[in-house]
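Trainee: no FASTA, just this:
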């Protein structure tokens, strides 16, 4: 896993305020959950694809293609078992349950894509500054920002340690579930130790720069909502309101579907 | 609950929150492509051993770390969705219950030796009890919400999450805690070494609080599953019947309230006693 997911492209989407991007993410999230029929999901899917294209986030989506593929295949198969319909399709599958499975898979892919667009177009500090401007206390914002920054580093060290342990004969693929869990110990301990050991130095470095000295603080990074942000938010409001209204009015459902 | 807020004024607790979240999220993400149980909702999670261990070692920082780490794991691992909202609270309880209950396990963890390690059989039993209560608490919080929103039935999900959470803890948890405690203690990073006793909630009737936590979590799980199977026709370990039934929702709600009340009754201050003695 590469340590930087931000793509420094300078597209119009990159230039949006982080608050706008966060609200767009949440808005599409809400919109994607309003319909069960995949045909009704198509406008939202088009909207997501448009954002991926404008922001040129394909590269990061391509990076996680294996995870997306595994999730899509398992989602299409398993959601069929978790729902039922009235029109037989083949074997144990019904048309309605297949539609529902496709819809769930589309929803997952859309939400993941929106997450990828958000982190591909927004620097970590902008993202957290956006959250702070929206009311998140800055100490909490710092913790979230630091963990976001550290995840790729920890994941990378996990992969390195995993390869090192495998080269010494650790076999994570065989045995029952209990055996496999036990085999994770040689991975858990080194990753934990290597991550935690510098906490005190990290703390001293922060405090020597005045972190936590005052309840509030000032920021070098300044954010400003532009006309483009407001226009986009207005369009998003219309989209979310329309999605909710259509859902309440009974559109976008699958007739004959029983799901849980 | 006081320490859950007051810890944010301590720089090292903030760093431990960030590190706990990053470690938990990294393990969740790396193993997302493993064995999927419900697509977009959950999968086999070896990383679930971390929250109880983080909770015992880092106190409230471990609880916040579990909550934030799970959300980041959902975001990067492709399972962000309606479940992520209560996934945050559920995972918070997964790290919160262990350290709150540790000193109130009916004498298993003795006064004078309340360090969060597993240097005797009683402490191992105490670890398994708090890990199981935390696993069940996490499960009923998430399953109650996802049943209410008609996404996954309570009986199925509550049992799957409890089993999923507890399996990693029962197998790997005590060993992990035994290996990590001496190092973390040497570095002065145990939460009782970092925080001031005055910043931790004093609590009241802690023994009863611990019983209420067990009743809230385990009782909620058992009673909720029974009601779900009976009134809503759901299946344990299977998708059948109806979710979003008021009977299930109302049956579990008092147990969730009991869990919250127990959180205010339990303290954690007793774990500071060792140094004073």
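Mentor: Arrived safely, thanks for sending. Small disclaimer: the values here were computed from a predicted structure and weren't measured.

Trainee: so where's the stretch 151-277 of chain B shaky on pLDDT?
Mentor: For the stretch 151-277 of chain B, the stretches flagged by pLDDT under 70 are B:231-245, B:273-277.

Trainee: now the stretch 51-200 of chain A
Mentor: Short version for the stretch 51-200 of chain A, where the test is pLDDT under 70: A:177.

Trainee: any idea where the helices of it begin and end?
Mentor: A:58-63, A:65-81, A:95-121, A:124-133, A:138-167, A:177-183, A:185-196, A:199-208 (DSSP state H, counting those that start in this stretch).

Trainee: So is the third one next to chain B?
Mentor: Spelled out, that is helix A:95-121. Yes - on the criterion C-beta under 8 Å from any C-beta of the partner chain, helix A:95-121 is in touch with chain B at A:104-105, A:107-108, A:111-112, A:115. Glycine gets a C-beta too; all of them are placed from N, C-alpha and C.

Trainee: If you rank the residues you listed by neighbours, which is first?
Mentor: residue A:104 (27 neighbours; other C-beta atoms under 10 Å in any protein chain shown).

Trainee: Run through the residues that contact the closest residue to that one other than its chain neighbours.
Mentor: Nearest residue to residue A:104, sequence neighbours excluded (C-beta to C-beta, 6 or more residues apart in numbering or on different chains): residue A:79, at 4.6 Å. By C-beta atoms under 8 Å, 6 or more residues apart in numbering or on different chains, the contact set of residue A:79 is A:97, A:100-101, A:104-105, B:39.

Trainee: ok, and which of the helices of the stretch 51-200 of chain A has the densest surroundings?
Mentor: Highest mean neighbour count among the helices of the stretch 51-200 of chain A (mean count of other C-beta atoms under 10 Å in any protein chain shown): helix A:95-121, with a mean of 23.

Trainee: How far away from the center of its chain is that helix?
Mentor: Distance of helix A:95-121 from its chain centroid, counting by C-alpha atoms, centre = their mean, to the nearest Å, is 11 Å.

Trainee: other SSEs contacting that helix?
Mentor: Counting contacts by 3 or more C-beta pairs under 8 Å, 6 or more residues apart in numbering or on different chains; DSSP states H and E, helix A:95-121 is packed against helix A:18-32, helix A:38-55, helix A:58-63, helix A:65-81, strand A:83-84, strand A:88-90.

Trainee: if we go to 7 Å?
Mentor: Helices and strands touching helix A:95-121, by 3 or more C-beta pairs under 7 Å, 6 or more residues apart in numbering or on different chains; DSSP states H and E, are helix A:18-32, helix A:38-55, helix A:58-63, helix A:65-81, strand A:83-84.

Trainee: Those: which one's closest to residue B:73?
Mentor: Ranking these by proximity to residue B:73 (C-beta to C-beta) places helix A:65-81 first, at 12.0 Å.

Trainee: What angle do helix A:95-121 and the closest one make with each other?
Mentor: Angle of helix A:65-81 versus helix A:95-121, following axes from the mean of the first three to the mean of the last three C-alpha atoms, to 10 degrees, is 150 degrees.

Trainee: mind listing what the residue nearest to residue A:158 when sequence neighbours are not counted touches?
Mentor: The spatial neighbour of residue A:158 that comes closest, neighbours along the chain excluded (C-beta to C-beta, 6+ apart), is residue A:191 at 5.2 Å. Residue A:191 is in contact with A:154, A:157-158, A:161, B:23, counting by C-beta atoms under 7 Å, 6 or more residues apart in numbering or on different chains.

Trainee: Leaving out chain neighbours, which residue sits closest to the most centrally placed residue in chain A?
Mentor: What sits nearest the mean C-alpha location of chain A, by C-alpha atoms, centre = their mean, is residue A:115, with 3.7 Å. Sequence neighbours aside, residue B:75 is the residue nearest to residue A:115 in space, at 5.0 Å (criterion: C-beta to C-beta, 6+ apart).

Trainee: element containing that neighbour, please.
Mentor: Following DSSP states H and E, one finds residue B:75 within helix B:60-77.

Trainee: quick one: the helix or strand following that helix to helix A:95-121, angle?
Mentor: Using DSSP H and E, the helix or strand that follows helix B:60-77 towards the C-terminus is helix B:83-101. With the same axes, to 10 degrees applied, the angle from helix B:83-101 to helix A:95-121 works out at 70 degrees.

Trainee: Show me what counts as buried in helix B:83-101.
Mentor: B:83-84, B:86-101 (16 or more other C-beta atoms under 10 Å in any protein chain shown).

Trainee: centre of the chain versus it, how much separation?
Mentor: 4 Å.

Trainee: With stretch A:42-55 instead?
Mentor: Offset of stretch A:42-55 from its chain centre (C-alpha atoms, centre = their mean): 15 Å.

Trainee: re earlier: and the residue nearest to residue A:115, how many neighbours?
Mentor: 23.

Trainee: picking that back up, among the buried residues of helix B:83-101, which are in reach of chain A?
Mentor: With C-beta under 7 Å from any C-beta of the partner chain as the criterion, the buried residues of helix B:83-101 include none near chain A.

Trainee: in chain B, which spans are strands?
Mentor: Along chain B, the segments classed as strands by DSSP state E run B:36-38, B:42-43.

Trainee: re the thing from before, hang on, the residue nearest to residue A:115 packs against residue A:117?
Mentor: No - assessed by C-beta atoms under 7 Å, residue B:75 is found out of contact with residue A:117, at 11.9 Å.

Trainee: so how far is residue B:163 from residue B:252?
Mentor: 18 Å (C-beta to C-beta, to the nearest Å).

Trainee: neighbour-wise, which of the two wins?
Mentor: The residue with more neighbours, out of residue B:252 and residue B:163, is residue B:252; 28 against 13, by other C-beta under 10 Å.

Trainee: hang on, the earlier thing: possible to save the helices of the stretch 51-200 of chain A as JSON lines with distance to residue A:229?
Mentor: Compiled in JSON lines, the helices of the stretch 51-200 of chain A are given as follows (distance: least, C-beta to C-beta, whole Å):
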{"stretch": "helix A:58-63", "distance to residue A:229": "23"}
{"stretch": "helix A:65-81", "distance to residue A:229": "29"}
{"stretch": "helix A:95-121", "distance to residue A:229": "13"}
{"stretch": "helix A:124-133", "distance to residue A:229": "11"}
{"stretch": "helix A:138-167", "distance to residue A:229": "20"}
{"stretch": "helix A:177-183", "distance to residue A:229": "47"}
{"stretch": "helix A:185-196", "distance to residue A:229": "37"}
{"stretch": "helix A:199-208", "distance to residue A:229": "32"}
